[in-house]
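Visitor: Coordinates for the following, if possible.
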Amino acid sequence: IQQEYLSCGTQYPGWLNGEHPTVEEGVVLRTISFTTAATSYTGQNANIYIKNCGGFMVYSFNFNWWNTNWGLCVDTDVCKASVQELDEDHRLVNAWGNIAQSDDRSLARGWYRFANGFEKMPEKCPIANSCGSYKPGYLSQPHPEIGEGIVERKVCFGDADQCCSSSRDVLVKNCGTQFVYRLYPTTTYEKYCVEESSTNMCNDNAYTELDDDWRGETVAYDNDNRHDDTQLTPGNWYRFTNYLGRMPEYSMSVYSCGHYYPGYLTAAHPARNDGIVNRVICWSTSMTNEGQACRNARVRNCGSYYVYQMEKPASWQYGFCVAQDQCADARDMDDRWRLVVNPTVSGQSGAADQNTKKGWYRLDIGHGTMPLYEPDTNYGGAAYPSWMLGELPGPDDGEVERTARFAGTSHQMTIRVKSCGEYYVYWLQPTPNANYVWSIDTDVCLHAYPLAEEWRNMFYVSETEDDLHTDYKKGKDWYRFTTGFQMMAESPPGPQFSCGTKHPAYLNQPHPDVENGVVPREVCIKENEETDIYQACLQVENIRVKNCGDYYTYQLNPQVQDMAYCVYNRKTSCEPKVVHAKYGELAVVNCTLNSEKDFDSSEVEWTKLNSVTLPDESLSNIEISDDSLLLNINNIADQNAGVYALYIPSTATSELVEVILYSAVEAGQKYYIVEEGGDVVIETTINVVPTPAADKISWVKVPNKKLSGDKYEMSDDKSSLTISGVTAEEAGTYRISVEFEVDGKTYNKHTDVIVQLEEEEEEEGARM
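Guide: Presented below is the predicted three-dimensional model:
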């Protein structure tokens, strides 16, 4: 057997590159090879004579042939040798879902056995992403029998599309009670998997699955549909496969879990390495009476699920519950190809969702929700992407049942949905085949393709036919307009060749509000005529529209020759969007209006949000220009901080500007930690225009101790304070205050800083 570099107690280990002779063969000539590097097993070769003496071998070799660090290895029984152990839980074939992905690139070459209750490598293809790996590895040939010795076998590594996308040869020996393997480092994503002993209760043929939905802790007892857990066989192992797949660890209300009396585990579930543990199952027999009719149970943590060995309950009224913390334990479903805006690419989704395990999932990409409208076929990962009938539940609705349908088909399936506050979780199950996929809605506002051509403005008129444009066969997709009002025109344009096209298209219905989500709308494609503009529907196109707040997105599919979409063409822009100012400064907000329509400045409204409409006497220091597009805030102070909105009602055009005041006095840092006897310099900034005189600035040690003595020294402008030789007496909170006047009003502002001895911080940390 090849020996590893730096093994057998030498730098270059020598091993027999062939088989030993039999007794009858006598003296034979063989080749001995030397491993001279990590991957060079035959870096040097030499002749050696061998004779089989029955109970032992003798060798004749020229030990002076090579003067370097080499040595001959002695074979040993790998079954008795101290081989390395692999006992990581993530190697189990039933470890998948949220298990962190890893591979065996860093695994050292050598002999290994699987420990911690594990038995051997699997002999059939694991499901994709099991064993905590993108490419789980399994033995593609049977393990050897006892007596076969060391044999060569092939390990296949599979991915989402095929069971053996790559492979490598390993060595295996059957040691009777275990197998040992000679393993080698893998390439990226590849990993050796393991299955548990065939006699282990975690093996899928050692337990019975219980998938009754009525076991959920929130499912009420139904007198017309009774259930009886006394029919379960004592001593058998059971696994719950729905909801969280485990029993609750707390009592529940009577008449839940589909029974009179719900059963729960009185202690925490075991960890993976705890093995089989003894637990107690008790029942609630009234709203306040829990811990009743208790029975012993055994529980085993199998990595990604639990199995239970339970005693028979007292009567049919007592049932076993399943926990329903769907939000915390839902698996992530975050494949980008599931987004409904993405066209299907052949082979990208593998077997899609026909192999998806039944359970709770969080759609952790895009909108994080299943579409509430029918997507297009061949989008969202497969031919038939899913969509949900009905509304999403609220946080107080709990788990609700919904119907999922698949675009372009009549097929439907029952799913469950729950709001987790900031996201939703879905109970899903395998789809009929690879053409059906669980798709994910996305914010089309983020994925829309921009249309920025200025000729789209409804008041733009091409002077000649040579200057005409078209959107014909641009392709079905989501688009947004980035010119003009960033919205499609809602009325037919007048002159011929408006919007720079022969057949201008406009929205025949109002745009939706933000809260409406994605809505269907009609687009009218105008006849190529100069007159009768209100007889303007040569053809109708059905589209979808979404209000994205500051703009709209449209799902378009232009199929008419010589047509193009029109946009309104007024937009506003204010600079800066955020104004940072010191007390007493002048802040200027300058807005521009791009419009080919007549503009009346009286249309413009300025409002300080949640406060007043400008101009107003309470904000007399604010001036608005004659054209209403320039805002001057003189001698800015507290009353001016906030958000200002410019609004033009006739076109629902708006712009927001936020005004933020710096603190009148700001410390360079809040805390100063100094060694006892050390010096500290406290730096501050006075954000007032003009800067107050030094006599308007004061320092005290809180609560109100004036600073005096050689320990304290202030800068000339009193903006900084130096404390020399800090002791416990100087440690504490210091306050700098400033008095100033803005527009005739006096203000007093301050900030606090804390000086702390280093020893006090360590002692505080020790107490924590």
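Visitor: tell me which residues of stretch 450-463 are tucked away?
Guide: 451, 453, 455-462 (16 or more other C-beta atoms under 10 Å). Backbone N, C-alpha and C define where each C-beta goes, glycine included.
Visitor: and which of these is nearest to Thr36?
Guide: Using C-beta to C-beta, Leu451 comes nearest to Thr36 of the buried residues of stretch 450-463, at 65.9 Å.
Visitor: rewinding a little: which of the buried residues of stretch 450-463 sits closest to Gly291?
Guide: Leu451 (67.5 Å).
Visitor: wait, that closest one sits on Asp477?
Guide: No. Assessed by C-beta atoms under 8 Å, Leu451 is found out of contact with Asp477, at 10.7 Å.
Visitor: Need the mean per-residue confidence for the longest strand that the chain contains.
Guide: Ordering each strand of the chain by length in residues (DSSP state E) puts strand 745-757 first. The average of the pLDDT scores along strand 745-757 is 94.
Visitor: Which strands and helices lie in contact with that strand?
Guide: strand 665-667, strand 671-674, strand 680-686, strand 732-742 (3 or more C-beta pairs under 8 Å, 6 or more residues apart in numbering; DSSP states H and E).
Visitor: Next, the angle from the last one to strand 680-686.
Guide: The reference is to strand 732-742. 20 degrees (axes from the mean of the first three to the mean of the last three C-alpha atoms, to 10 degrees).
Visitor: If you count neighbours, what's buried in strand 732-742?
Guide: Result for strand 732-742 [16+ other C-beta under 10 Å]: buried residues 734-740, 742.
Visitor: Kindly report the same for the shortest one.
Guide: By neighbour count, with 16+ other C-beta under 10 Å as the criterion, the buried positions of strand 665-667 are 665, 667.
Visitor: cool, the second one as well?
Guide: For strand 671-674, the buried set under the neighbour-count rule, 16+ other C-beta under 10 Å, comprises 672-674.
Visitor: From the residues you listed, pick the one nearest Arg246.
Guide: Ile673 (47.0 Å).
Visitor: ok, back up a step: Provide the strand pairings for the longest strand of the chain, with the direction of each partner.
Guide: When pairs are called by DSSP bridges, strand 745-757 turns out to pair with strand 671-674 (parallel), strand 732-742 (antiparallel).
Visitor: where does the stretch 251-400 of the chain have low pLDDT?
Guide: Residues of the stretch 251-400 of the chain that meet the criterion pLDDT under 70 lie in 287-288, 345-352, 357-359.
Visitor: And the helices in it?
Guide: 326-329 (DSSP state H, counting those that start in this stretch).
Visitor: ok, back up a step: contacts for the longest strand of the chain next, please.
Guide: 583, 637-638, 663-667, 669-676, 680, 682, 684, 702, 723, 726-728, 730-741 (C-beta atoms under 8 Å, 6 or more residues apart in numbering).
Visitor: list the contacts for the most centrally placed residue in the chain?
Guide: In the chain, the centroid-proximal residue (C-alpha atoms, centre = their mean) is Asp364; its distance is 5.4 Å. If you count contacts by C-beta under 8 Å, 6+ apart, Asp364 has them with 332-334, 423.
Visitor: now do Tyr672
Guide: Tyr672 neighbours (C-beta under 8 Å, 6+ apart): 680, 682, 753-756.
Visitor: Farthest-apart pair in these, please.
Guide: The most distant members of these, if one measures by C-beta to C-beta, are Ile682 and Gln756, lying 12.5 Å apart.
Visitor: For the buried residues of strand 732-742, give me JSON lines that also has distance to Val578 and pLDDT.
Guide: Below are the buried residues of strand 732-742 laid out as JSON lines (distance: C-beta to C-beta, whole Å; pLDDT from 0 to 100):
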{"residue": "Tyr734", "distance to Val578": "32", "pLDDT": "94"}
{"residue": "Arg735", "distance to Val578": "30", "pLDDT": "95"}
{"residue": "Ile736", "distance to Val578": "27", "pLDDT": "95"}
{"residue": "Ser737", "distance to Val578": "28", "pLDDT": "95"}
{"residue": "Val738", "distance to Val578": "25", "pLDDT": "96"}
{"residue": "Glu739", "distance to Val578": "28", "pLDDT": "95"}
{"residue": "Phe740", "distance to Val578": "24", "pLDDT": "95"}
{"residue": "Val742", "distance to Val578": "21", "pLDDT": "94"}
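Visitor: Distance-wise, check the closest residue in space to Val588 that isn't next to it in sequence relative to Ser625.
Guide: In this structure, Val588 finds its nearest non-sequential neighbour in Asn632, 5.7 Å apart by C-beta to C-beta, 6 or more residues apart in numbering. Asn632 is 8 Å from Ser625, where distance means C-beta to C-beta, to the nearest Å.
Visitor: Verify the contact between Met369 and Asp443 for me.
Guide: You called it Met, but residue 369 is Thr. No. Counting by C-beta under 8 Å, Thr369 sits too far from Asp443 to count as a contact (10.3 Å).
Visitor: Can you check which residues contact both of these two?
Guide: Joint contacts of Thr369 and Asp443 (C-beta under 8 Å, 6+ apart) do not exist.
Visitor: Give me the residues contacting whatever helix or strand Lys173 lives in.
Guide: Using DSSP states H and E, Lys173 falls within strand 166-174. Contacts with strand 166-174, where a contact means C-beta under 8 Å, 6+ apart, come from 1, 78-79, 135, 139-140, 143-157, 179-184, 186-187, 190.
Visitor: and the gap between the residue nearest to Gln486 when sequence neighbours are not counted and Ile648?
Guide: Leaving aside its chain neighbours, Gln486 sits nearest to Tyr551 (4.0 Å; criterion: C-beta to C-beta, 6+ apart). Going from Tyr551 to Ile648 by C-beta to C-beta gives 16 Å.
Visitor: wait, isn't Asp626 in contact with Val604?
Guide: No. Counting by C-beta under 8 Å, Asp626 stays clear of Val604, with 10.9 Å between them.
Visitor: Between these two, tell me which one has more neighbours.
Guide: Val604 (19 against 7; other C-beta atoms under 10 Å).
Visitor: what sits against that one?
Guide: 628-629, 646-648.
Visitor: Filter the residues you listed down to the ones in strands?
Guide: Per DSSP E, the contacts of Val604 map to strands at 646-648.
Visitor: just these now: which is nearest Pro493?
Guide: Ile648 (20.8 Å).
Visitor: give me the number of residues near the closest one?
Guide: So Ile648, with other C-beta under 10 Å, has 19 neighbours.
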